[in-house]
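Enquirer: everything below, folded, please.
(chains A and B)
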There are 2 protein chains.
Amino acid sequence: MGAYIAVDWGTTNRRAYLIDAGGAVLDTVRDDRGVLAIERSEYPREVAALRERLGALPVIAAGMIGSTRGWVDAPYVPAPADLPALVAARADIPGEDVVIVPGVCLTGPRSDVMRGEEVQVLGAIAAGLAPADALFCQPGTHNKWVHTVGGRIVDVSTAMTGELFALLRGNGVLKGMLDGDVADGPAFRDGVARGAGATDLLVALFEVRAGVLLGALPADDAASFASGVLIGADVGSRNLSDRDVHLLASGPLADLYAAAIRLRGGRVVAVDNQAGFLAGIHAIWGLTR
Amino acid sequence: MGAYIAVDWGTTNRRAYLIDAGGAVLDTVRDDRGVLAIERSEYPREVAALRERLGALPVIAAGMIGSTRGWVDAPYVPAPADLPALVAARADIPGEDVVIVPGVCLTGPRSDVMRGEEVQVLGAIAAGLAPADALFCQPGTHNKWVHTVGGRIVDVSTAMTGELFALLRGNGVLKGMLDGDVADGPAFRDGVARGAGATDLLVALFEVRAGVLLGALPADDAASFASGVLIGADVGSRNLSDRDVHLLASGPLADLYAAAIRLRGGRVVAVDNQAGFLAGIHAIWGLTR
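Expert: I've put the predicted structure just below:
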C-alpha cells in the first residue's frame, strides 16, 4: 500500500514514484512535465493529476520545482548541509499536503547552487551506497561535483560542460563540425589530455576548427575530440589521483566521464542515482513525520 | 593618382581603400559586404562595383575572401611566415587582375589558422609600428595572439573569447543575466582575477549565475564580471609579466583587453590596426610588381 508520492521535478523532466512505508517503489510515472512546461498556477492541477494516477497521498518533491521558476521558491540551505537541515528548511504548500525540498548553496569565496542533486548525494550516503566522506560527480547539462564530509555536503562546484558543448554544436564557427557521434576512443582521449588542467580552454576549443581545416583532426573525430576537451577541462580541474569518484549517473555521458576520470588517475565507483534519490526522499519522509 | 585597390575582406564587413603608389589612402569604402553576404559567383560583380567606385585598378584583397567560404581558397602558408612567403603563395584570379593574400597556419603539436590578421601584424612590423620580435594581441569575436621573431610569424593562438561571451549572453542559464554594459571596473577586475590562470573556467562561468541568485554578485555587474572571467582566462593563459603586448585594436573591447593585460603585469603598446593593414598590403603590392 502506498504511503506517499515522491517527485523528482526537474527543469525538463519529471519522475513521480508511489512509495510504500518501507521505501519500496510500487509505481512510477515519467514524463516531460518539467518546470519549464508548467505555469505556476497550474501546479495544484498537476499534483491532483498525479494523485489521480498514484493515489490520494502526501507528496514530497525535490528539484527545480522549488526554484524561482517552479511552484514556490524554497530558499537554498547553506552548506554544510545534511538531510535534517533540508527537512528543517522545507517548504510546505498550505492546504496541499505537499512538501518541497530546498536546494543547497555555497556562499563565501565561491558561490554555487544545486537543486535535486543534493537528495541523490545525501540519499546515497543514507543508503550505504557511498561513504559519508566522499566526492560525487553528477554529469548532465551542468555537471555537479559534490564533496561530503561526515554525511554533510560541504562543497559544490557546477561546471557548464554540457551546456557549452551544446551551444558550440549549434552556433558559431564550430557549428556543423560537432554533429558526429561522441564516443570514448583515441580522439576523445586526445581531447581529455588537451583539456585537462588547461588554462587556455578558449584556445583549445578553436583547435577543433583549425585541426579540421588543416586535416590534422578527421572531421568524424571532431565531436569526440571537442567533448574530450570540455570533459577533460571539467574532470582535470581537480586532483583525482588515486581517489574514489562516486559517479551518480548512467548512460553514454556517464561512460565518457568514467573514461576521463580514469585517465586522470581516479577510481570510478558507479552509484545508482535513482536509488540515491529514492533513499534520500525516503529518509526525508521519515524525518517529516 | 590611385595605383591599386586594397580590400580587407572579412566575414561580415569589408573595407576597400584606394591607394597611390606611395602608399597614401585616397579614398575608402566601408560596408557590410563580407563573405557571408556574398555568393561565390557574385565576386566578379562585387569587384566591378568597387572599381566603378574607386577606379579601374589592380585589386589586392586579404581576409576571409581567401577561405573556403570566400571567392577562392588560398591555402594557408605554414608558420614561420613573412610577407615574401605570403606573396609567393598568393592566389591570382585569372582574367580579373585580383590578387588574394593567403592566411597563415600553424601545424605540428598545435593547429591554428589566421586570415587577414597576418597582414596587420607583418605590416605593423614593416612600417616600424612594432619591433620584429613581438607579441601581438588582436581582440575580436576571436582573439588572436601572434608571436613574431625576426619579422616572421612563428606562433598563432586563437581564443574563442568573444564568441563564447555572445553565445552565453544569448542562450542557456546565463541568458538574461549578461545584457548589461561591460565596463572596466571592480566587477570586471574581479572577473579577470577569477579567470586568469583558472583550470576550471567551466565552473567560473556558472558562478555568475550562482552569484546573482545568491545576491553575491549584483545583477548590474554580471556582464562585466563574466566578460572579465573570459578575457581574464584568455589574457591570463600566458605569462605577460613585464612584457610588451602590441594591441592591434581600438575601441571598448581593446580597452578591456588593455586593462586585463595590465592587471596581468603586461605593458600595452597600442598599434593602429588599420595602419598595420595598409602598410602590409602596400609592402605586398610592392613585392608583386
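
Enquirer: contacts and neighbour counts: CA atoms only from here.
Expert: Fine.

Enquirer: in stretch A:125-141, what counts as buried?
Expert: A:125-127, A:129-132, A:134-139, A:141 (16 or more other Cα atoms under 10 Å in any protein chain shown).

Enquirer: so which of the residues you listed would you say is closest to A:Ser237?
Expert: A:Cys137 (12.8 Å; Cα to Cα).

Enquirer: give the contact list for that closest one.
Expert: By Cα atoms under 8 Å, 6 or more residues apart in numbering or on different chains, the contact set of A:Cys137 is A:Asn143, A:Lys144, A:Trp145, A:Val146, A:Val245, A:His246, A:Leu247, A:Leu248.

Enquirer: not counting sequence-adjacent ones, nearest residue to the residue of chain A positioned farthest from its centre?
Expert: Here chain A reaches farthest from its C-alpha mean at A:Leu214, the gap being 37.2 Å by Cα atoms, centre = their mean. Excluding its sequence neighbours, the residue lying closest to A:Leu214 (Cα to Cα, 6 or more residues apart in numbering or on different chains) is B:Ser111, at 7.4 Å.

Enquirer: A:Gly180 now?
Expert: A:Ala223 is the one closest to A:Gly180 (Cα to Cα, 6+ apart), at 5.6 Å.

Enquirer: that neighbour: neighbour count?
Expert: 26 (other Cα atoms under 10 Å in any protein chain shown).

Enquirer: what's the helix or strand for it?
Expert: For A:Ala223, the enclosing helix or strand under DSSP states H and E is helix A:222-235.

Enquirer: check A:Gly108 too.
Expert: Counting by DSSP H and E, there is no helix or strand that carries A:Gly108.

Enquirer: who touches the lowest-mean-pLDDT helix or strand in chain A?
Expert: The weakest-scoring helix or strand in chain A, judged by mean pLDDT, DSSP states H and E, is strand A:91-93 (a mean of 95). Residues outside strand A:91-93 that contact it (Cα under 8 Å, 6+ apart): A:Val72, A:Ala74, A:Val98, A:Val99, A:Ile100, A:Val101, A:Pro102.

Enquirer: what's the closest of the residues you listed to chain B?
Expert: A:Ala74 (12.6 Å; Cα to the nearest Cα).

Enquirer: pretty sure that closest one sits against A:Cys105.
Expert: No - using Cα atoms under 8 Å, A:Ala74 makes no contact with A:Cys105, being 11.8 Å away.

Enquirer: more neighbours: the two, which one.
Expert: Neighbour totals were compared for A:Ala74 and A:Cys105, and A:Cys105 leads with 25 against 22 (other Cα under 10 Å).

Enquirer: quick one, what contacts A:Asp73?
Expert: A:Ile65, A:Gly66, A:Ser67.

Enquirer: do the same with A:Lys175
Expert: A:Lys175 sits next to A:Leu168, A:Arg169 when contact means Cα under 8 Å, 6+ apart.

Enquirer: now do A:Ile231
Expert: A:Thr161, A:Val192, A:Gly195, A:Leu256, A:Tyr257, A:Ala260.

Enquirer: when you check chain B, which of those residues turn up near it?
Expert: Contacts with chain B are made by A:Thr161 out of the contacts of A:Ile231, judged by Cα under 8 Å from any Cα of the partner chain.

Enquirer: whichever helix or strand comes after the least confident helix or strand of chain A: how far from the chain's middle?
Expert: The C-terminal neighbour of strand A:91-93 among helices and strands, as given by DSSP H and E, is strand A:98-100. Computed by Cα atoms, centre = their mean, to the nearest Å, the chain-centroid distance of strand A:98-100 equals 21 Å.

Enquirer: what lies in contact with the next helix or strand after strand A:98-100?
Expert: Heading C-terminal from strand A:98-100, the first helix or strand you meet, by DSSP H and E, is strand A:104-106. Strand A:104-106 is contacted by residues A:76-79, A:81, A:111-115, A:118, A:155-156 when judged by Cα under 8 Å, 6+ apart.

Enquirer: then stretch A:32-45?
Expert: Under Cα under 8 Å, 6+ apart, the answer for stretch A:32-45 is A:Trp9, A:Gly10, A:Thr11, A:Thr12, A:Asn13, A:Arg14, A:Met64, A:Ile65, A:Arg69, A:Gly70, A:Trp71, A:Glu96.

Enquirer: the residue nearest to the first one when sequence neighbours are not counted: neighbour count?
Expert: What that stands for is A:Trp9. Leaving aside its chain neighbours, A:Trp9 sits nearest to A:Gly63 (5.2 Å; criterion: Cα to Cα, 6+ apart). Close neighbours of A:Gly63, defined as other Cα under 10 Å, add up to 25.

Enquirer: same thing with the one 5 residues further on?
Expert: When neighbours are counted by other Cα under 10 Å, A:Thr68 registers 13.

Enquirer: what residues does A:Ile19 make contact with?
Expert: A:Gly2, A:Ala3, A:Tyr4, A:Ile5, A:Ala6, A:Val25, A:Leu26, A:Asp27.

Enquirer: can you classify the fourth one by secondary structure?
Expert: In this case it means A:Ile5. strand (DSSP: H, G, I helix; E, B strand; the rest coil).

Enquirer: A:Asp242 reaches A:Gly265, doesn't it?
Expert: Yes - applying Cα under 8 Å, one finds A:Asp242 in contact with A:Gly265, separated by 5.8 Å.

Enquirer: pick out whichever of the two has more residues nearby.
Expert: Taking other Cα under 10 Å, A:Asp242 and A:Gly265 do not tie; A:Gly265 has more neighbours (15 against 11).

Enquirer: can you name the residue of the stretch 51-200 of chain A nearest chain B?
Expert: Taking Cα to the nearest Cα, the stretch 51-200 of chain A has A:Ala159 as its residue nearest chain B, at 4.2 Å.

Enquirer: and chain A, which residues reach chain B?
Expert: So chain A meets chain B at A:107, A:110-113, A:157-161, A:163, A:167, A:171-172, A:196-207, A:210-211, A:214, A:216, A:233-234, A:236-237 (Cα under 8 Å from any Cα).

Enquirer: which parts of stretch A:49-63 are buried?
Expert: So stretch A:49-63, judged by 16+ other Cα under 10 Å, has buried residues A:Leu50, A:Arg51, A:Leu54, A:Gly55, A:Leu57, A:Pro58, A:Val59, A:Ile60, A:Ala61, A:Ala62, A:Gly63.
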